[in-house]
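Participant: Show me how the following folds:
(chains A and B)
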Amino acid sequence: MALAPAATPVRAQSPAVSAQTVKAAFLCKFPGYVDWPAGADPADRPLTIGVLGSPAMADELVRLTSDRKVGERPVEVRAVKGGDSLAGLQVLYVGNGTAEELPQSLAPARSLPILVVTDAPGALASGSVINFTVERDRVRFEVSLPAAERSGLKLSSRLLAVAQRVERGPGP
Amino acid sequence: MELRTSIHRKFALVTLLTAAIALAITGTAMLFYDLRSFRSAWITDLDAQAGIVGFAAAPAIEFQDPQTAAAYLASLRGKPTIMAAAIYSASGSRFASYVAEGAPAVEFPALPGTDGHRLGGSEVELFRRIVSGPEILGTVYIRARYDVAARLWRYVGICGAAMAFSLLAAFLVSQRVQRIVTAPILEIARVARDVMDRRDFSARAKQASDDEIGVLAQAFNGMLTEIERVMGERERAEAALVDSEERLLALNAELEQRVALRTAELEAANKDLEGFSYSVSHDLRAPIRAVGGFAALLGEDHGAELGEEAKRKLGIIRSEAARMGHLIDDLLAFSRLGRRAIEPVDIDMEAMARMVYERVGGENRARTVEFRLGSLPTVRGDRALFEQVWVNLLSNALKFSAKREKALIEVDSITTGNELVYFVRDNGAGFDPRYQSKLFGVFQRLHRDEEFTGTGVGLALVHRIVTRHGGRVWAEGKPDHGATFYFSLPRETGDGGV
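Facilitator: Next up, the predicted model:
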C-alpha cells in the first residue's frame, strides 16, 4: 500500500485514470488514523470495506488488497447495494449519487460505527465523515468531526493535519 | 631570611604544581569525555528530531501532502545548527525539503541513505526512515553543523578559568597550611644557625609536632646534647694536655739548663785540667833541663874528682833527667793537640806513609825489615797531625818487631761503605788482648821499660788525632804473634777527601 504513491508519484498524478487508484489507496490508509468504539472493530477479523454504487472502486480495492494487509490485518472488500445490511463494516465508500441523493443512502449507516467516505462535492453535509475532493488535479479530502463523533469514531489529529478542510462544530 | 623564603617558595611551588598537574589531567579527561558524550548526545538529539518530524509527517506522505510535510520540516528552524532537511518518499524521490535561513545552497542527496549518520568535517548528515508498523513510508534527511570547535574552545575557556581559580585557591590554602609543616622545620633551622654562628651547643629546638619533623627535632636535640658533652670532654682533655705540655716544656727547659750548666762546668774543668797539665809540663821542663844540664857539667868539670861509683850514679841522673824531658815533651804535645785547630788539606796517605817510614826506619838500616806498602787512599785532614799518627804507629811497629830476625811491617787499607780503614801490622811482640782497653790511654804501658822503651803517650796521641778527625782506632793482637793497629776515617768529608 505504501507503494501506491510510489507507483503513481505525486507530481505525476494523472487525473482521469489514476484518481481511482489514489482514492483506493487513501481508503486503505484511513483506518490507520481512526479508532472505532469497542467491539465495532474486532482485531481478529479482517478489516471490512463496503463499496456502494461503484463496482470499479470495488474492483480496484480488491486488486490493491489482494496480496497485502492494512496494518496487521487482512482486508475484505464487500460490494453493497442499497438496503443491504451494513453490520460488520468498518468503512463504507459511497461512490455514486449526488449531494441530494446521499442523505437517503447514508441514513442506514448514521447510527452505526462506520467510517463513511463519500466522493461528491459538498457531501459532508449529507452526514459522511470523510469526503474526497480534487484540488489542482490532486486528490485530497475533507473531514467532518461532528459526523465522526455521531458515529462514535475518533480521528487522529495527524489525519486532520493533512486534510484539506476540517468541519467542526455541531453538524446537522 | 633567604632560607625562609626558599622553603616557603618551594612549598608553594610543590602545591601549585601538584594542583596544576591534577587539574590538567582531570580537565583533559573531562574534555575527551565531554566531547564524546556531547557528540553522541547531539546525534541522538538530531535523530530524535528526525524521528519526531518523520512521525508527524507520516500522514502527509501517506496522503501525499508535501505542503504539510514541508511545514513540519520548517519547524526545525528552532534548531539553528540544522542547515537543511528533507523528506524522501518510500520510492526514494524527494517529497519535501527545508533550507535554513542564511544557509548556503544545499545539494540534497539524490537518494536517501540507510539509517545512521555520517560525520564529515564540521557537518553531519543523518538519515532516519519513517516506519509505520511493518511499512517504510519514507526517510527523513537532516544536515547540520557539527560545531565542535566552538564547543572545544568554550570548554577550554571554562577549564582554564577553573584552573586559574583552583590554583589561586590552592596557593592561598597552601600559604596557610604550609606554616603547620614549615614552622617546626624553620625552628630547627633557626636553632641550627644559632649553633653554627655562636657555637652555642646548649641551644635546643622546640618539639612542636609529633610527626617526622618532631622526631627530627628530637634527634637534633639529642645530637646537640651529645656534641655538648663531647665538646666539654674535649675541652677538658685539651686543657689537661696543655697543662701537661707546659709542665713538660718547663721540665725540658730545666733539663737543658742543667745540661748547659754541667757542660759549661765540664768544659771549664777540662780547660782547667789541660791548662794545668800544660803549665805543669811547661814549668817542669826548666828544672829538669837544669838537673840534666848541671849533671852533665858536673861530669865534665869534676869528672876527675869522682869515683867510678859516683860517675855511674851521675850517668843514671842524666839519663833519667833526659827521660823525664821526653815525657814532658810528649805531654806538652798531647796537651797542645787538645787546643790546636785542625787545618784540613788533601793528604796522599801512601806517599806520607812511605816518607815517614824512611825517616823513622833510617836508624835501623842494619836490621832486616821487610816493609810492604799497599795502595792507600787519599784523605782530607791536618798534615802535621797525620804525620804524627804515622810516626807513632810505624815507630811502634819497628820497636816491637826489633827482636825478630826477619821483621815484617805491612801497611794497607780497606774501604768499606762509609769508612776508610788504614792499618799497620807487624810480626813483633804483640800484646795480651785482655789489656786492649788500656792500649790507647795516656801513660799506659803493657811492656816493661827494660824490654821496650817509650813514654806511653804515642798511642794516646794517635787516638786523640783520629778521634778529632771523626774516626776511631782499635787493635788486634796476641802475645808473640804481632799486632795490628787500625784507624778509620769517615769517607764523606763534605769537601771531598777520598
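Participant: chain center to the helix or strand in which residue B:252 is found: distance?
Facilitator: Following DSSP states H and E, one finds residue B:252 within helix B:212-302. Between the centre of helix B:212-302 and the centre of its chain there are 37 Å (Cα atoms, centre = their mean, to the nearest Å).
Participant: What is it packed up against?
Facilitator: helix B:148-198, helix B:308-339 (3 or more Cβ pairs under 8 Å, 6 or more residues apart in numbering or on different chains; DSSP states H and E). Yep, even glycine has a C-beta here, placed from its N, CA and C like the rest.
Participant: Mind checking these for the one nearest to chain A?
Facilitator: For these, the distance to chain A is smallest for helix B:148-198, at 35.7 Å, taking Cβ to the nearest Cβ.
Participant: and the angle for that closest one with helix B:212-302?
Facilitator: Calculated by axes from the mean of the first three to the mean of the last three Cα atoms, to 10 degrees, helix B:148-198 forms an angle of 40 degrees with helix B:212-302.
Participant: just to revisit the earlier point, want to try TSV for the helices and strands packed on helix B:212-302, with mean neighbour count, distance to residue A:163 and mean pLDDT as columns?
Facilitator: Converted to TSV, the helices and strands packed on helix B:212-302 look like this (neighbours: other Cβ atoms under 10 Å in any protein chain shown; distance: least, Cβ to Cβ, whole Å; pLDDT from 0 to 100):
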stretch	mean neighbour count	distance to residue A:163	mean pLDDT
helix B:148-198	14	43	84
helix B:308-339	15	166	83
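Participant: Output those in a markdown table, with distance to residue B:460 appended to each entry.
Facilitator: Below are the helices and strands packed on helix B:212-302 laid out as a markdown table (distance: least, Cβ to Cβ, whole Å):
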| stretch | distance to residue B:460 |
| --- | --- |
| helix B:148-198 | 75 |
| helix B:308-339 | 6 |
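Participant: so can I have CSV of the ones you listed showing distance to chain A?
Facilitator: Below are these laid out as CSV (distance: least, Cβ to the nearest Cβ, whole Å):
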stretch, distance to chain A
helix B:148-198, 36
helix B:308-339, 158
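Participant: among those helices, which is nearest residue B:354?
Facilitator: Judged by Cβ to Cβ, the one of those that comes nearest to residue B:354 is helix B:308-339, at 23.5 Å.
Participant: what element comes up after the closest one heading to the C-terminus?
Facilitator: strand B:344-347.
Participant: picking up where we left off before, between the helices and strands packed on helix B:212-302, which one is closest to residue B:416.
Facilitator: Taking the helices and strands packed on helix B:212-302 one by one with Cβ to Cβ, helix B:308-339 is closest: 26.8 Å.
Participant: so how far is the closest one off the chain centroid?
Facilitator: Relative to its parent chain, helix B:308-339 has a centroid offset of 73 Å by Cα atoms, centre = their mean.
Participant: just stretch B:130-147 next, same as before
Facilitator: The chain centre lies 93 Å from the centre of stretch B:130-147; the measure is Cα atoms, centre = their mean.
Participant: Tell me the pLDDT of residue B:436.
Facilitator: With respect to pLDDT, residue B:436 scores 79.
Participant: With residue B:497 instead?
Facilitator: Listed pLDDT for residue B:497 reads 40.
Participant: tell me, which helix in chain A spans the most residues?
Facilitator: Longest helix in chain A, counting residues (DSSP state H): helix A:15-29.
Participant: and the next element down the chain from that helix?
Facilitator: For helix A:15-29, the following helix or strand on the C-terminal side (DSSP H and E) is strand A:34-35.
Participant: give me the number of residues near residue B:350?
Facilitator: If you count neighbours by other Cβ atoms under 10 Å in any protein chain shown, residue B:350 ends up with 16.
Participant: Which residue comes closest to it once chain neighbours are left out?
Facilitator: In this structure, residue B:350 finds its nearest non-sequential neighbour in residue B:376, 4.1 Å apart by Cβ to Cβ, 6 or more residues apart in numbering or on different chains.
Participant: how about whatever residue of the stretch 351-498 of chain B ends up closest to chain A, what does it touch?
Facilitator: At 135.5 Å from chain A, residue B:417 is the closest residue in the stretch 351-498 of chain B, using Cβ to the nearest Cβ. When contacts are counted by Cβ atoms under 8 Å, 6 or more residues apart in numbering or on different chains, residue B:417 touches residue B:491.
Participant: can you pull the contacts of the residue nearest to residue B:350?
Facilitator: Contact analysis of residue B:376 by Cβ under 8 Å, 6+ apart lists B:349, B:350, B:353, B:411, B:412, B:413, B:422.
Participant: List buried residues within the residues you listed.
Facilitator: Taking 16 or more other Cβ atoms under 10 Å in any protein chain shown as the criterion, what is buried in the contacts of residue B:376 is B:349, B:350, B:353, B:411, B:413, B:422.
Participant: Can you tell me the element residue 61 falls in?
Facilitator: No chain specified, so I'll use chain A. helix A:55-65.
Participant: meant chain B actually
Facilitator: With DSSP H and E as criterion, residue B:61 is part of helix B:2-62.
Participant: now that helix against helix B:148-198, angle please.
Facilitator: 170 degrees.
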